[in-house]
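*Asks:* quick check, what structure comes out for this input:
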Amino acid sequence: MSPTDTLAPARRAATRATALPLQPPRARRAFPVEGWRIAASTATWASLVVVACLWAAHAGIQDVVAGSTAERLASVGRLAALASADLLLLQVLLMARIPWVERAYGQDGLTRRHRLIGFLSFDLMLAHIALTTVGYALLSGTGVLAQGWDLVVNYPGMLLAAAGTLLLVVVVGLSIRAARARLRYESWHLIHLYAYLGVGLALPHQLWTGTDFVDLPLARLYWWSLWIAAVVAVLVWRVGVPLWRTVALGLRVEAVVPEAPGQVSIHLRGRRLDRIGARAGQFLVFRFLDFFHLFDDFIFIVAGRLVYQGLASESVDYFTSLGFRCP
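*Replies:* Here you go, the predicted model:
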């Protein structure tokens, strides 16, 4: 047998093997963006309808139609409070990083809706405070300021609610574009987290003095379900999933490479990073364990005027560039 005869079967086998058609990679199913958007919008409007029905079931419409001026103001104030609390919790759900909602709207779309709903909820909260205080003042025959003080001091849970309101006022005030532009993102983000504390401080007031919450079993079921859903969503997708991914993938900073003044490239390494499933056009959000850097914000005020706000480590270079001699 010649060498040619010996190699012929192998060559024919290789030819047959290469002639087999290649299987294309299995395509992922298209994400039903429009379906999830419709579902999210429907759930949002349905929650507001439920809140209005709960208010009406607790003599809300009757107070507005046949009640006195004080009863009308107090009733509308209750409706404003219920709508504000509902939108506030929906706002938390919007930014809870729920994957289906994020893929339906995109992070930029969610941020816009979060901002819109946040300001609307805040306005309704202020309306609730004003209408309820004035309504109760008319019912008791006292002044508005005296009635407001009585509500805060003597009603269960109102001191906590007042503290939560102050926190929300600070967060919303610093979210106005003119104020936010003067803050570093890290500082603004840290302050923004106090909104969660403000929402939590309002819960005892709703439990202990909210008649629409206390008197109706269906109302209690609805509000508890919404509170639990918001808390679970935050703990799972904003805390649990990022921690699990960090541990499972073994993410570590391998190098920080300066690219330009004030710009660096951060090189990461880890295990099986292909499991992230990232695609072109997407972005990733990383939180680096540099906790104390959040407080490295130096504010210098002279004669009541803001002279400098920024990193303490950059303050010497800033004042030196202006001609001041710094030690």
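*Asks:* P217: neighbour count?
*Replies:* 7 (other Cβ atoms under 10 Å). All C-beta spots, glycine's among them, are computed from the backbone N, C-alpha and C.
*Asks:* right, I mislabeled it, should have said H205
*Replies:* Neighbour count for H205, taken as other Cβ under 10 Å: 23.
*Asks:* okay but it is in contact with V152, surely?
*Replies:* No: counting by Cβ atoms under 8 Å, H205 stays clear of V152, with 10.3 Å between them.
*Asks:* quick check: neighbours shared by these two?
*Replies:* Residues touching both H205 and V152 (Cβ atoms under 8 Å, 6 or more residues apart in numbering) are M158.
*Asks:* identify the residue nearest A255 in space, chain neighbours excluded?
*Replies:* H267 (4.3 Å; Cβ to Cβ, 6 or more residues apart in numbering).
*Asks:* pLDDT (mean, whole number) over the helix or strand that neighbour falls within?
*Replies:* Taking DSSP states H and E as the criterion, H267 maps to strand 263-269. On average, the pLDDT along strand 263-269 is 84.
*Asks:* that strand: partners in the sheet, and parallel or antiparallel?
*Replies:* Here strand 263-269 is paired, per DSSP bridges, with strand 252-260 (antiparallel).
*Asks:* hang on, the earlier thing: next, count neighbours for the residue nearest to A255.
*Replies:* H267 - counted by other Cβ under 10 Å - has 11 other residues nearby.
*Asks:* which residues touch it?
*Replies:* Residues near H267 by Cβ under 8 Å, 6+ apart: V253, E254, A255, V256, V257.
*Asks:* for the fourth one, grab the count of nearby residues.
*Replies:* In this case it means V256. 9.
*Asks:* list the contacts for it?
*Replies:* V264, S265, I266, H267.
*Asks:* so what would you say the end-to-end distance of stretch 54-71 is?
*Replies:* Using Cα to Cα, to the nearest Å, the gap from the first to the last residue of stretch 54-71 comes to 17 Å.
*Asks:* what are the buried residues along it?
*Replies:* Under the neighbour-count criterion of 16 or more other Cβ atoms under 10 Å, stretch 54-71 has L54, W55, H58, G60, D63, V64, G67, A70, E71 buried.
*Asks:* list the contacts of it.
*Replies:* Defining contact as Cβ under 8 Å, 6+ apart, one finds that stretch 54-71 is touched by 72, 74-76, 78-79, 82, 135-139, 211-212, 215-216, 218-219, 222.
*Asks:* what about it, distance to the chain center?
*Replies:* 34 Å (Cα atoms, centre = their mean, to the nearest Å).
*Asks:* looking at it now, give me its mean pLDDT.
*Replies:* Stretch 54-71 comes out at a mean pLDDT of 89.
*Asks:* and what of stretch 180-189?
*Replies:* The average pLDDT within stretch 180-189 is 75.
*Asks:* using CSV, write down the CA coordinates of it.
*Replies:* Taking Å, rounded to 0.1, in the frame of the first residue of the first chain, the C-alpha atoms of stretch 180-189 are listed here in CSV:
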residue,chain,number,x,y,z
ARG,A,180,-27.4,70.3,41.9
ALA,A,181,-25.0,72.0,39.5
ARG,A,182,-23.0,73.3,42.5
LEU,A,183,-22.5,69.9,44.0
ARG,A,184,-20.2,67.1,43.1
TYR,A,185,-22.1,64.0,42.0
GLU,A,186,-20.8,62.0,44.9
SER,A,187,-22.0,64.5,47.5
TRP,A,188,-25.4,64.9,45.8
HIS,A,189,-25.8,61.1,45.6
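*Asks:* buried stuff in that stretch?
*Replies:* Buried positions in stretch 180-189, judged by neighbour count with 16+ other Cβ under 10 Å: L183, S187, W188.
*Asks:* one more: stretch 237-250?
*Replies:* By neighbour count with 16+ other Cβ under 10 Å, stretch 237-250 contains the buried residues W237, R238, L249.
*Asks:* quick check: closest non-adjacent residue to the first one.
*Replies:* Meaning W237. R97 (4.1 Å).
*Asks:* the second one now?
*Replies:* The shortest distance from R238 to any residue that is not its chain neighbour, by Cβ to Cβ, 6+ apart, is 5.3 Å, and that residue is R97.
*Asks:* which residues does the one you found contact?
*Replies:* With Cβ under 8 Å, 6+ apart, R97 has these contacts: W237, R238, V241.
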